[in-house]
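**Student:** have a look; sequence and predicted model below, questions after that.
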Amino acid sequence: MTETGSGYSAYQIALHWITAALVLFQLLFGESMTTVVDAADEGQPVSALDQTLGSAHYWIGLAILALVVVRLIMRLVSGAPKPVEGGPSWMQIAARLSHGLFYLLLLATPILGLLAFYVGDPWSDIHSLNKPLFIVLISVHALAALFHQFWIRDGTLKRMLAPDR
């Protein structure tokens, strides 16, 4: 793996923010899939909106899985920028752990969703457990980015907003 410059490429930044937007959509509208599956199990009709959102949840989950695979390949080929110098080692360890957990969740959640859709329980229960994990991890990630931007002022957030030149 090669190290990149001090920041991320435009492609890495685009993949990050597209993935983030798709995950946010899933978190906000994913319950429609549960509504659709439960209605099908009970032989009940489902609204057109829930049907559309349930279908979108399925396809966006596949898109997230594909984008994460692309991100991982890009990371293996191009590397990632070194952490900003000067921070305590525990912050760098926490950053590596949280990024690793993000990749694990971003890969496992769509796979578990497919298992839930095609196989059923217990996969749907396990898939559903990832929602609160994502919410906590995203919250910590966003707070850490804001902490770096406004408290430490080390340019960490800027690296994910503007490509390395």
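**Tutor:** Good, I have the coordinates.
**Student:** by contact count, what packs against the helix or strand containing Trp59?
**Tutor:** Per DSSP states H and E, Trp59 falls inside helix 48-78. Where contact means 3 or more Cβ pairs under 8 Å, 6 or more residues apart in numbering; DSSP states H and E, helix 48-78 is packed against helix 10-29, helix 31-42, helix 89-118. Where you see a C-beta, it was placed from the backbone N, CA and C, and this is true even at glycine.
**Student:** can you tell which of the ones you listed is closest to Leu53?
**Tutor:** helix 31-42 (3.5 Å; Cβ to Cβ).
**Student:** mean confidence score for the closest one?
**Tutor:** For helix 31-42, mean pLDDT is 91.
**Student:** pull out the buried residues from it.
**Tutor:** 32-37, 39 (16 or more other Cβ atoms under 10 Å).
**Student:** what residues does the worst-scoring helix or strand of the chain on mean pLDDT touch?
**Tutor:** When the helices and strands of the chain are scored by mean pLDDT, DSSP states H and E, helix 31-42 comes last with a mean of 91. Identification of contacts with helix 31-42 by Cβ atoms under 8 Å, 6 or more residues apart in numbering yields 44-46, 49-54, 56-58, 113, 117, 124, 128.
**Student:** which of the residues you listed has the most neighbours?
**Tutor:** Gly113 (25 neighbours; other Cβ atoms under 10 Å).
**Student:** gap between that one and Ile60?
**Tutor:** Distance, Gly113 to Ile60, by Cβ to Cβ, to the nearest Å: 10 Å.
**Student:** also Gly100?
**Tutor:** 23 Å.
**Student:** which of these two has more residues huddled nearby?
**Tutor:** Of the pair Gly100 and Ile60, Ile60 is the one with more neighbours under other Cβ under 10 Å, namely 19 against 10.
**Student:** what's the neighbour count on the closest residue to the more buried one other than its chain neighbours?
**Tutor:** Of all residues not flanking Ile60 in the chain, Leu22 sits nearest, at 5.2 Å (Cβ to Cβ, 6 or more residues apart in numbering). Counted with other Cβ under 10 Å, residues neighbouring Leu22 total 16.
**Student:** check Leu106 too.
**Tutor:** Neighbourhood size, Leu106 [other Cβ under 10 Å]: 21.
**Student:** then Gly7?
**Tutor:** 19.
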